[in-house]
Each structure stands twice: as C-alpha cells, then as structure tokens.
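In: Turn this into a structure:
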Amino acid sequence: MRLALAVVLAPLAVPLTALAQERPDIVVAVSGIFRTMEPIVGNSTNAARIMPNIFDQVVARNFTEDPEGSELRPALATDWEQVDDLTWRFTIREGVTFHNGDTMTAEDVAFSMSAERIWGEDSLVPAGKRYTTSFVSVEALDDTTVEIKTSVNDPNLPYRFITPLGYVVPKDHYLEVGPEAFGQNPVGTGPYRVTGYDATGFIKLEAFDDYWGGTPPLASVEYRAVPEFSARLAGMVSGEFMMMAGIPVDEVETVESYDDLTYISRPIGNYIMLAYNTLELPEYGPNPVADVNLRYAMTAAIDREGLVAALWGEDTFAPAPFNFPDFPDYYDASIEPKITYDPEAAKAYLEASDYNGEEIVVNVTRGAFSNFDLATEFLAEQWNAMGINVRLNVVDSWSVALQHPFNLLNMSMTTTFDGTPTRAIWGFWGPDSARASREKDKSWSPPAEFVSLGEQYLAETDTEAKVALFRQMVDVWETEQPALILWRNVNNWVVNDALEWTSTNSNWMLLGPDYLTVR
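Out: Now for the predicted structure:
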C-alpha cells in the first residue's frame, strides 16, 4: 500500500540570508490556501493553519503551558464568570488595536458572536449557528463587558470561543465591506496583518507591531500553496521555505536524513473523511449516491483498518463513527460501526440499489491531508473493482473542490469544543452546519429525528442522559450514512533548525510570541 516517492536533494550548503535578519521574512509551504479568511466561512484545515496569526479569540487554549490545550486562558477577554444559570459575563481586554487602527471594544466582541452576524433570522454568516445554539442575547453592557444569555444552563460556554466563533472582527469595518470582501482582506487583532492574498496561491502576512500580546518574531510570513510534497521538500532543503506542512509517512525517513531539518508530528482533534452527497439536486444532474444502498455498498467495500495500518502504521486508527477517545464519557472501545467491512454485504447492498454504472465523481483537493491522496487512489481502485464507476477529480485548490457537482467530497471534522462531541455530531451535521446549509457544497439534510434528538441533547445537563441521546443521534447518522470516516488526523511538519517552534495538537501553525523563536 505504501508508495515510495524518491526525493534526492543536496544538503543545504550556505547560511540562510533571510535568517541573518533580527526578524526574518520567511515562507511556509502548505498544500493549499482556503478561499476565504472570514473566520466562520473559512472553517477549514487550510485556513485554520493561518487564522490564529491574523485574529485573536475571546478566550484561548493554554498551549503555552500545555501543548494539548486542555485548559483555557485569558485572551481578548481577561476574565469571565457565570452570573446565574442562564447568564455569562466576559470582561474585555483594554488597549487592543485592530490592524486598521480601530480600538477594539466590547461592542466588537458582542457583534462578532451576535444574532446580526451569526444566529439571527437574516444573519450574515449563518454557518456559525452551530456554535451559538441556545444563545438568547449577546450585549455589550459597556466598553469592557459583554453579557451572554442562554436558553439553557451551559456551564461550558467559554469553550465555544476556542472555535471560529471566538475570533473577534471589527464591527464597523465588517458591516461596511460585508463578509465576502472581509474574507479577502481580513482585519483582526493578531500578531500579523494580511498584506496580500490569492486563494489559489498564497497569503502574505506582515508583523503588526501594535500587537497587544508582544512583538511578533517574524518581519513577515508568506504561506505559499505548493501541492506536491516533493516540491515542498525541495524548497525546505534549498532554504526557500523555512517550514512546511504535510509529510507522507513513507517519506519521514527521507526528511529526517537532513541535518538542518526537524520532523514534528502530533495526533490532533480532527477526523478525516469523505462526505457522500446524499441530496438530489437536479440542477447538477443525477446523483447516484443519493441512494442509501449505494452508500452502504461503498462503505462496506472498504477495509478502513487495513488502509489506515498501511498508511500510518500505529500512528493513528480508524474509529467507529463518532466513537472518539477525545471524549472519555462518550467513548466505548467495544462499539463497532453499523456498516462494517464486508465484501459480500457490499455486493448485496449494490444489488439492492438502483445504481446502473453511472460515473461517481470524488472531489479531492491535492495534498489536502497527509496520505489522503494515496488513500483516495486506493478507495477508487476498490470501488471500481466491485463495479462502481468512480473517478477522482483531483484539483489543486479547495475553492475548486468545495463546489457542486460532486458525489463525494474530501473533508475533515474538528472535535475541539467543550469536552463533549457536540461540535462533531451537531456542529458538522446539524441543520445549521456547512454540510446542511453551505450552498456551494452542502451534501445532506439532517432527518427530523436527528434534529429532535440533537435539540434534546443540547438541552440535557445530566451526563448519562446526554450520552444516551448522543448514541441515538449516532444511530440515525449511521443509518443515513452521509460520510465515510477514515482516520483520526495526524498533523506533521518540517521546520528548519534556524527556527525553534512549539507545535500544538491542532491544525494551527502559531507563529506569534511564545510559539516561535529565531535562533
């Protein structure tokens, strides 16, 4: 299953002139750049690497003391308290400046998570509703106090703000330009400001020296889209790139052979999958995968455990849907998927379907995730061998991949939220999720039973009862089979030894103070 990619490069022979600067300009090679940096709409792996360098959150994960980030620390909010069962108050940091020179106030924070922007009837970015379930009101009481009222007791509410909901935007500027234009020229309070952006090729950031959190260690950083691993590594060895993301496991030994480069890997709270398009959308032509029996057949045809072992060895695993060890109260090692690997069952499901040889198109962003390209090639071979006419539509840009028409779509599902699987089961599959509401690439409509169970789940505070509702939601999800979950994601990077970088168990590539030092 492993494919060797020979990369023979000369070792770096000369010092890097860029690193001679007190604060260097560096280039980071990544597989792709997302189509927008609007924090809610741009919820993707490729954007997540970059956004925390542009924006700050209301509260932050305490990565500086714990790389797992299991605890919270102050960020744009310096303090918070639950006033009563339905009310939280956040004290907002003073002296914070946006990249456009505006002073941040509680009004900006309140707007960033408001009904007007996120969860109202005609909200500007309704995909954010997944994070604001139970919100009743968000109000700036004065310049430094934001009050949030909820419909149910939510003792874990501050954890909502380590998601994209927590990124703060400047209210007046955002309303003036609108979400789409803002996403192409974003303005935040982070350590770097955007000075150039082309979603097909690069995003350029420069140090923001008025940053409240300290002096940024780099003069500038350009994230450059380099889809091919061999080209990324060649740039690392030559010194053109100082960091890169995404290393196939069978190339780790090659990377580690270079004395000036350090390989870093870490499992993260994110799961790789292919989403089936379960919808009949006549404007895009016939969709054979809308037939649930065909979806069952395609899932049953894949030996996920064997695939993951071939790709990753023991570095990660293939989970049963939503049975993630990230959440011990909700995890049961004995649980098996409803649709298991069973070639004979796959044939029976295929015969029971209405499939008649139509082409099945799988949209794949080249280099989207480590080892993903190899995985999709294997999947296509397996499906074609059983008579399902699969074609991989491999493109170099997420902006091209994430749009109809498609029958399957690459995606990942982040779990970080509040210590429960809420973000995974509801944030990615609820009625306000991208899968259900994002016009360009929506792929399912959650059944009424799933929505009803989800609403009960969100309101439930007893852990045992909440777990029971969660299990019922997973059962409905598996019955519908809207995705093929492949493996827990493993992030890996290569860093030039001229930089000392602290990684985290997330997609983020934090390059601000406390995380990056130029040696």
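In: Next, the buried residues of stretch 134-141.
Out: Within stretch 134-141, the residues scored as buried using 16 or more other C-beta atoms under 10 Å are 134, 135, 138, 140. (Each C-beta comes from the backbone N, C-alpha and C, glycine too.)
In: make that stretch 161-172, sorry
Out: 161, 162, 163, 164, 165, 166, 167, 168, 169, 170, 171.
In: Out of those residues, flag the one nearest to residue 74.
Out: residue 161 (11.2 Å; C-beta to C-beta).
In: CA-only coordinates of the longest helix anywhere in the chain in PDB, if you can.
Out: Looking across the chain with DSSP state H, the single longest helix is helix 463-480. As requested, the backbone C-alpha atoms of helix 463-480 are provided in PDB (Å, rounded to 0.1, in the frame of the first residue of the first chain):
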ATOM      1  CA  THR A 463     -24.100  13.300  31.500                       C
ATOM      2  CA  GLU A 464     -25.700   9.800  31.500                       C
ATOM      3  CA  ALA A 465     -28.800  11.100  29.800                       C
ATOM      4  CA  LYS A 466     -26.800  13.200  27.400                       C
ATOM      5  CA  VAL A 467     -24.700  10.200  26.300                       C
ATOM      6  CA  ALA A 468     -27.800   8.200  25.700                       C
ATOM      7  CA  LEU A 469     -29.200  10.900  23.400                       C
ATOM      8  CA  PHE A 470     -25.800  11.100  21.700                       C
ATOM      9  CA  ARG A 471     -25.900   7.400  20.900                       C
ATOM     10  CA  GLN A 472     -29.300   7.700  19.400                       C
ATOM     11  CA  MET A 473     -28.100  10.600  17.200                       C
ATOM     12  CA  VAL A 474     -25.100   8.500  16.000                       C
ATOM     13  CA  ASP A 475     -27.500   5.600  15.200                       C
ATOM     14  CA  VAL A 476     -29.600   7.900  13.000                       C
ATOM     15  CA  TRP A 477     -26.400   9.300  11.300                       C
ATOM     16  CA  GLU A 478     -25.100   5.800  10.600                       C
ATOM     17  CA  THR A 479     -28.500   4.800   9.200                       C
ATOM     18  CA  GLU A 480     -28.300   7.700   6.800                       C
END
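In: shaky segments in the stretch 101-250 of the chain?
Out: Applying pLDDT under 70 to the stretch 101-250 of the chain flags no residue at all.
In: quick one, helices of this structure?
Out: Using DSSP H, helices in the chain cover 45-48, 106-112, 171-184, 229-238, 252-256, 292-300, 304-312, 343-352, 372-385, 398-401, 422, 434-437, 448-459, 463-480.
In: Adding distance to residue 328, write these out as JSON lines.
Out: Below are the helices of the chain laid out as JSON lines (distance: least, C-beta to C-beta, whole Å):
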{"stretch": "helix 45-48", "distance to residue 328": "25"}
{"stretch": "helix 106-112", "distance to residue 328": "32"}
{"stretch": "helix 171-184", "distance to residue 328": "37"}
{"stretch": "helix 229-238", "distance to residue 328": "35"}
{"stretch": "helix 252-256", "distance to residue 328": "30"}
{"stretch": "helix 292-300", "distance to residue 328": "27"}
{"stretch": "helix 304-312", "distance to residue 328": "22"}
{"stretch": "helix 343-352", "distance to residue 328": "32"}
{"stretch": "helix 372-385", "distance to residue 328": "28"}
{"stretch": "helix 398-401", "distance to residue 328": "33"}
{"stretch": "helix 422", "distance to residue 328": "15"}
{"stretch": "helix 434-437", "distance to residue 328": "26"}
{"stretch": "helix 448-459", "distance to residue 328": "18"}
{"stretch": "helix 463-480", "distance to residue 328": "11"}
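In: Looking at those, spot the one closest to residue 507.
Out: helix 45-48 (4.0 Å).
In: contacting residues around the closest one?
Out: 30-34, 36-37, 270, 368-369, 398, 412, 414, 506-508 (C-beta atoms under 8 Å, 6 or more residues apart in numbering).
In: Report the buried residues of the longest helix of the chain.
Out: Buried, per 16+ other C-beta under 10 Å, within helix 463-480: 466, 467, 469, 470, 471, 472, 473, 474, 476, 477, 478, 480.
In: what about the helices of the chain, which gets the closest to residue 490?
Out: helix 304-312 (6.6 Å).
In: tally of neighbours for the residue lying closest to residue 350 once chain neighbours are set aside?
Out: Leaving out its chain neighbours, the residue that sits closest to residue 350 by C-beta to C-beta, 6 or more residues apart in numbering is residue 297, at 4.0 Å. Residue 297: 25 surrounding residues under other C-beta atoms under 10 Å.
In: wait, doesn't residue 297 sit right on residue 388?
Out: Yes. Between residue 297 and residue 388 there is a contact under C-beta atoms under 8 Å: 7.2 Å.
In: Distance check, residue 180 against residue 35.
Out: Applying C-beta to C-beta, to the nearest Å, the value for residue 180 to residue 35 is 10 Å.
In: Those two: who's more crowded?
Out: residue 35 (23 against 11).
In: what sits against the more buried one?
Out: Residue 35 neighbours (C-beta under 8 Å, 6+ apart): 42, 183, 199, 397, 398, 399, 402.
In: distance of the nearest residue to the third one once chain neighbours are set aside from residue 42?
Out: So that's residue 199. Of all residues not flanking residue 199 in the chain, residue 35 sits nearest, at 4.5 Å (C-beta to C-beta, 6+ apart). Here the criterion is C-beta to C-beta. By it, residue 35 lies 8 Å from residue 42.
In: That concludes my questions; thank you for your assistance.
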